[in-house]
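*Asks:* have a look at this fold, sequence not included:
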């Protein structure tokens, strides 16, 4: 167990180092970073002064070492737009993104898991058709298109929910559903297919022959085995929601990290972009480690190093 987890930690550290290298070079491979960060109407003298102030005229290896050592302590420089340290501004937006991602994931789980279980236990029924339909829609509908349609129908025409902002509890419903539909579709399809596979196992037939109640079989035997692949999907998709909700936050004017990233790109605030990229990478890697830990708890074969 410890060896497996330590290997995952080592892999995460190596991935994080790769992210830091990528973030450093992503500004420089597109051209002169000073010219990219400065306004279009800046004079050559202003660009040269900015290049010297930011240290872009130093050797590349010196610039990278300076960026790397500062990034280790969370220092990504000052935001060019806000004129203050970039990382605290990112952390300030984290609660809004966490709220949106948590609401989206809860919707996906609370709808997707029961629907997948019902569809898997009654193949060919109306509930099974509904489960397959939700799985198909979740995998095929772009979330930004869905967000616009939901605003038009439920906010503009029906007036049930606000179309933007983060004020009352109603304001999270539309963006959370738009963000979580793809994950809901994956959860429905995975739960249904896993349930269909587990239903034919010998231990399920033995449980039925012992006279156990269907509810006991569902919760104690089926759901626990279905949870093994679900843990991976939920962990990965929650990380995606934290780092990949830029379109949803932009459309709904949700004041989270995604909206801040969109604004930073528009402002050409590259210190802010770098801080967001590294911070979200750390969050995703931490979630993956938590997922691995939960996987070891659920599946004893991983805990004791047993392989099929």
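*Replies:* Thanks, I have it. Please read all numbers here as calculations on a predicted model, not as lab measurements.
*Asks:* what's near enough to touch residue 46?
*Replies:* Going by Cβ atoms under 8 Å, 6 or more residues apart in numbering, residue 46 touches residue 38. (C-beta placed from N, C-alpha, C; glycine too.)
*Asks:* which SSE is it in?
*Replies:* Using DSSP states H and E, residue 46 sits in helix 44-54.
*Asks:* for residue 285, same thing?
*Replies:* Using DSSP H and E, residue 285 falls in helix 270-298.
*Asks:* buried ones in that helix?
*Replies:* 270-281, 283-285, 287-289, 291-292, 294-296, 298 (16 or more other Cβ atoms under 10 Å).
*Asks:* model confidence over the lengthiest helix in the chain, on average?
*Replies:* Ranked by residue count under DSSP state H, the longest helix found in the chain is helix 86-121. When pLDDT is averaged over helix 86-121, the result is 91.
*Asks:* break down the stretch 151-300 of the chain into its strands, ranges please.
*Replies:* Counting by DSSP state E, counting those that start in this stretch, the stretch 151-300 of the chain yields no residue ranges for strands.
*Asks:* so for the protein, the centremost residue is which one?
*Replies:* By Cα atoms, centre = their mean, the chain has its centre lying nearest to residue 240, at 1.9 Å.
*Asks:* hmm, back to that, and the longest helix of the chain, how far out from the chain's middle?
*Replies:* When distances are taken as Cα atoms, centre = their mean, to the nearest Å, helix 86-121 is centred 9 Å away from the chain's centroid.
*Asks:* what is the orientation angle of the helix holding residue 285 with helix 86-121?
*Replies:* Per axes from the mean of the first three to the mean of the last three Cα atoms, to 10 degrees, the angle that helix 270-298 makes with helix 86-121 is 40 degrees.
*Asks:* counting contacts, what elements does helix 270-298 pack onto?
*Replies:* helix 2-28, helix 33-37, helix 86-121, helix 223-243, helix 257-267, helix 300-303 (3 or more Cβ pairs under 8 Å, 6 or more residues apart in numbering; DSSP states H and E).
*Asks:* any chance of these in a markdown table, with distance to residue 152 too?
*Replies:* Output for those, formatted as a markdown table (distance: least, Cβ to Cβ, whole Å):
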| stretch | distance to residue 152 |
| --- | --- |
| helix 2-28 | 36 |
| helix 33-37 | 37 |
| helix 86-121 | 20 |
| helix 223-243 | 23 |
| helix 257-267 | 21 |
| helix 300-303 | 46 |
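*Asks:* on that earlier part again, how far does the helix holding residue 46 sit from the chain's center?
*Replies:* 37 Å.
*Asks:* got the buried residues for that helix?
*Replies:* So for helix 44-54, counting by 16+ other Cβ under 10 Å, buried means 47, 50, 51, 54.
*Asks:* then stretch 254-264?
*Replies:* Within stretch 254-264, judged by 16+ other Cβ under 10 Å, the buried ones are 254, 255, 256, 257, 258, 259, 260, 261, 264.
*Asks:* what residues does that stretch touch?
*Replies:* 79, 81, 89-90, 93-94, 96-97, 100, 164-166, 175, 242-250, 253, 269-270, 272-273, 276, 279-280.
*Asks:* and the residues you listed, which of them are buried?
*Replies:* By 16+ other Cβ under 10 Å, the contacts of stretch 254-264 give 79, 81, 89-90, 93-94, 96-97, 100, 166, 175, 242-250, 269-270, 272-273, 276, 279-280 as buried.
*Asks:* could you give me the average pLDDT of stretch 288-308?
*Replies:* Taken as a whole, stretch 288-308 has a mean pLDDT of 66.
*Asks:* scratch that, stretch 152-169 is what I was asking about
*Replies:* The pLDDT scores in stretch 152-169 average 87.
*Asks:* cool, and stretch 180-193?
*Replies:* Mean predicted lDDT for stretch 180-193 stands at 91.
*Asks:* same check, this time on stretch 40-48
*Replies:* Throughout stretch 40-48, pLDDT has a mean value of 82.
*Asks:* what is the end-to-end distance of it?
*Replies:* 14 Å (Cα to Cα, to the nearest Å).
*Asks:* got the contact list for residue 249?
*Replies:* So residue 249 contacts 97, 100, 175, 255, 256, 257, 258, 259, 262 (Cβ under 8 Å, 6+ apart).
*Asks:* ok, how many other residues are close to residue 150?
*Replies:* By the measure other Cβ atoms under 10 Å, the count of residues near residue 150 is 21.
*Asks:* can you pull the buried residues of the helix or strand it falls within?
*Replies:* Per DSSP H and E, residue 150 falls inside helix 143-150. By 16+ other Cβ under 10 Å, the buried positions in helix 143-150 come out as 143, 146, 147, 150.
*Asks:* same thing with stretch 154-169?
*Replies:* Buried, per 16+ other Cβ under 10 Å, within stretch 154-169: 154, 155, 161, 162, 163, 166.
*Asks:* now the helix holding residue 150 and helix 86-121, what's the angle there?
*Replies:* 80 degrees.
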